[in-house]
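Participant: Show me how the following folds:
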Amino acid sequence: MAGFSVQRYAPDRGAWGRITARDSVVRRLDWPLLGSAIALSFIGSLLVWSATRGRDSLTHGDPYYFLFRHALNTGIGFALMIGTIWLGHRTLRGAVPILYGLSVLLVMAVLTPLGATVNGAHAWILLPGGFSLQPSEFTKITIILGMAMLLAARVDAGDQLHPDHRTVAKALGLAALPMAVVMGMPDLGSVMVMVVIVLGVLLASGASNRWVFGILGAGAAGAVAIWQLGLLDDYQIARFAAFANPALDPAGVGYNTNQARIAIGSGGLSGTGLFQGTQTTGQFVPEQQTDFVFTVAGEELGFLGAGLILVLLGIVLWRACRIARETTELYGTVVAAGIIAWFAFQAFENIGMTLGIMPVAGLPLPFVSYGGSSMFAVWVAIGLLQSIRVQRPITA
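Facilitator: Down below sits the predicted model:
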């Protein structure tokens with residue numbers, strides 16, 4: 001059709017490229033992915049509001065305090081997503097060295113006097129105005145982008161069919177530095193997510209399976225060594241002990257998990273109603289707006305509401321898998337695979353620890369839990385997925 005030519009998106013044009021009437025960026029977005037992420041953030045706003053509106057010690061007497069801040073975090077995250085799409089994942093590929101360096105400096109800054117301890121993890125930087133930053137959330141993104149850049153460079157150029165051993169070793173070294181710093185905080189939950197990201201990236205890149213088995217073996221040996229050498233903090237040991245034996249100390253280290261299971265179990269099929277949960281209004285579950293936000297859904301929205309969250313998370317993962325499968329460049333596939341591994345494991349760990357089937361690791365539920373750093377990071381990840389979809393090659 002005359003006047004409606006379709007342009008391929010070039011790396012130096014960003015995701016917007018040349019927009020034509022037939023092939024606009026808006027039309028090429030993955031709307032089920034975007035809609036599911038927005039729905040999760042909206043549900044999260046209600047759950048965070050319910051969990052905090054009666055806690056004057058946290059809200060300073062303003063019942064809307066956390067609701068407004070959660071909505072603000074979501075709005076900023078959405079703007080970051082738009083900016084990521086506008087720049088394009090290919091443009092960001094060229095900026096990876098700068099982004100990686102900044103992320104390493106930020107996580108290292110946590111170990112300086114700028115760092116602060118929250119819930120036993122020295123993983124935060126306090127900012128003016130009562131805000132805080134958790135650099136490890138952004139490190140997940142730079143690890144994905146950095147490893148993808150190295151592993152896909154020669155494959156996308158047509159020089160190799162799969163990354164060679166030397167390239168894989170460089171990629172693992174890139175991931176190891178920030179992971180070692182985060183482990184030293186200690187932030188064991190974030191390290192667990194990063195390990196899963198590395199495994200997902202390697203599997204998607206076509207690297208030899210010997211690397212995957214080697215990492216799994218090294219991880220098991222490292223876990224034993226850390227335990228034997230006493231490198232874990234007391235609160236981390238207590239969490240694993242409570243996971244292994246829930247009846248060990250129900251009023252102490254096992255309190256969070258026991259109260260979480262009571263809250264979820266009391267919701268039944270349809271829940272007690274929003275703002276009507278006795279466990280939530282009674283403030284029995286600690287950190288309910290962050291790590292244990294799923295308990296609010298289980299109690300007040302019941303099996304149906306909690307199930308809806310699982311369905312929406314499933315749609316996000318399904319669409320991300322489709323984007324990874326449809327792109328024709330290894331770089332895009334690897335970036336998408338890293339995000340899939342991140343979202344899937346973190347959601348499983350967060351929900352699992354509220355049900356008592358996973359140890360408490362202090363990981364937020366993507367899009368739902370309160371927290372600016374986490375919200376910004378997951379929306380940037382959505383922007384990367386959308387950019388991969390928007391910039392995929394097409395034919396007229």
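
Participant: Which other helices and strands does the host helix or strand of residue 140 contact?
Facilitator: Per DSSP states H and E, residue 140 falls inside helix 135-156. In terms of contacts (3 or more Cβ pairs under 8 Å, 6 or more residues apart in numbering; DSSP states H and E), helix 135-156 is packed against helix 89-94, helix 96-109, strand 121-126, helix 165-183, helix 188-205, helix 330-355, helix 372-390. For the C-beta atoms, the positions are set from N, CA and C on the backbone; glycine is no exception.

Participant: Pick the most deeply packed of those.
Facilitator: helix 372-390 (a mean of 26; mean count of other Cβ atoms under 10 Å).

Participant: Could you pull out the strands in the stretch 201-350 of the chain for me?
Facilitator: Counting by DSSP state E, counting those that start in this stretch, the stretch 201-350 of the chain has no strands at all.

Participant: Where does pLDDT dip in it?
Facilitator: Counting by pLDDT under 70, the ranges of the stretch 201-350 of the chain that qualify are 226-253.

Participant: now with 80?
Facilitator: Applying pLDDT under 80 to the stretch 201-350 of the chain flags the ranges 219-220, 222-256.

Participant: picking that back up, check the average confidence over the helix holding residue 140, would you?
Facilitator: The pLDDT scores in helix 135-156 average 91.

Participant: how far is that helix from where the chain is centred?
Facilitator: Mean-position distance between helix 135-156 and its chain equals 15 Å (Cα atoms, centre = their mean, to the nearest Å).

Participant: for stretch 201-211, same thing?
Facilitator: With Cα atoms, centre = their mean as the basis, stretch 201-211 stands 21 Å off its chain's centre.

Participant: same question, stretch 61-72
Facilitator: The answer for stretch 61-72 is 22 Å, by Cα atoms, centre = their mean.

Participant: Same question for stretch 115-124.
Facilitator: Put simply, stretch 115-124 sits 18 Å off its chain's centre (Cα atoms, centre = their mean).

Participant: Need the contact partners of that stretch.
Facilitator: Stretch 115-124 has contacts (Cβ atoms under 8 Å, 6 or more residues apart in numbering) with 109-111, 125-126, 132-136, 182, 185-187, 189-190, 233, 235-236, 287, 362.

Participant: Also stretch 166-175?
Facilitator: Residues outside stretch 166-175 that contact it (Cβ under 8 Å, 6+ apart): 100, 143, 146-147, 150-151, 153-154, 163, 194, 197-198, 201-202, 205, 207-208, 211, 215.

Participant: Let me see the mean pLDDT of stretch 354-364.
Facilitator: pLDDT averaged over stretch 354-364 gives 86.

Participant: again with stretch 70-83
Facilitator: For stretch 70-83, the mean per-residue pLDDT is 95.

Participant: Enumerate the positions of that stretch that are buried.
Facilitator: Across stretch 70-83, burial judged by 16 or more other Cβ atoms under 10 Å covers 70, 71, 73, 74, 77, 78, 80, 81.

Participant: mind putting those residues in a markdown table, distance to residue 92 included?
Facilitator: Formatted as a markdown table, the buried residues of stretch 70-83 follow (distance: Cβ to Cβ, whole Å):
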| residue | distance to residue 92 |
| --- | --- |
| 70 | 27 |
| 71 | 27 |
| 73 | 22 |
| 74 | 22 |
| 77 | 17 |
| 78 | 18 |
| 80 | 12 |
| 81 | 13 |
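
Participant: Distance to residue 28 and secondary structure added to those residues, as JSON lines?
Facilitator: Shown next, in JSON lines, are those (distance: Cβ to Cβ, whole Å; DSSP: H, G, I helix; E, B strand; the rest coil):
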{"residue": "70", "distance to residue 28": "30", "secondary structure": "helix"}
{"residue": "71", "distance to residue 28": "28", "secondary structure": "helix"}
{"residue": "73", "distance to residue 28": "27", "secondary structure": "helix"}
{"residue": "74", "distance to residue 28": "23", "secondary structure": "helix"}
{"residue": "77", "distance to residue 28": "21", "secondary structure": "helix"}
{"residue": "78", "distance to residue 28": "18", "secondary structure": "helix"}
{"residue": "80", "distance to residue 28": "20", "secondary structure": "helix"}
{"residue": "81", "distance to residue 28": "15", "secondary structure": "helix"}
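
Participant: what's the closest of these to residue 178?
Facilitator: The shortest gap between residue 178 and any of the buried residues of stretch 70-83 belongs to residue 80, at 20.2 Å (Cβ to Cβ).

Participant: List the residues that contact that closest one.
Facilitator: With contacts taken as Cβ under 8 Å, 6+ apart, residue 80 has the following neighbours: 376, 379, 380, 383.

Participant: Dump those residues to JSON lines, plus distance to residue 94.
Facilitator: Converted to JSON lines, the contacts of residue 80 look like this (distance: Cβ to Cβ, whole Å):
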{"residue": "376", "distance to residue 94": "22"}
{"residue": "379", "distance to residue 94": "22"}
{"residue": "380", "distance to residue 94": "17"}
{"residue": "383", "distance to residue 94": "17"}
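
Participant: which one of those residues is nearest residue 282?
Facilitator: Using Cβ to Cβ, residue 376 is the member of the contacts of residue 80 that lies nearest residue 282, at 31.9 Å.

Participant: weakest of the helices and strands packed on helix 135-156 by average pLDDT?
Facilitator: Taking the mean pLDDT of the helices and strands packed on helix 135-156, strand 121-126 comes last: a mean of 77.

Participant: Could you point out the helix or strand that follows it?
Facilitator: Criterion used, DSSP H and E; the element after strand 121-126 is strand 132-133.

Participant: Mind listing residues that contact that following strand?
Facilitator: By Cβ under 8 Å, 6+ apart, the residues outside strand 132-133 that reach it are 106, 116, 118, 124, 125, 126, 127, 372, 373.

Participant: What count of nearby residues applies to residue 225?
Facilitator: 10 (other Cβ atoms under 10 Å).

Participant: From what I see, residue 342 and residue 199 are in contact.
Facilitator: No. Contact between residue 342 and residue 199 fails when scored by Cβ atoms under 8 Å: they sit 11.0 Å apart.

Participant: who touches both of the two?
Facilitator: Between them, residue 342 and residue 199 share no contacting residue, judged by Cβ under 8 Å, 6+ apart.
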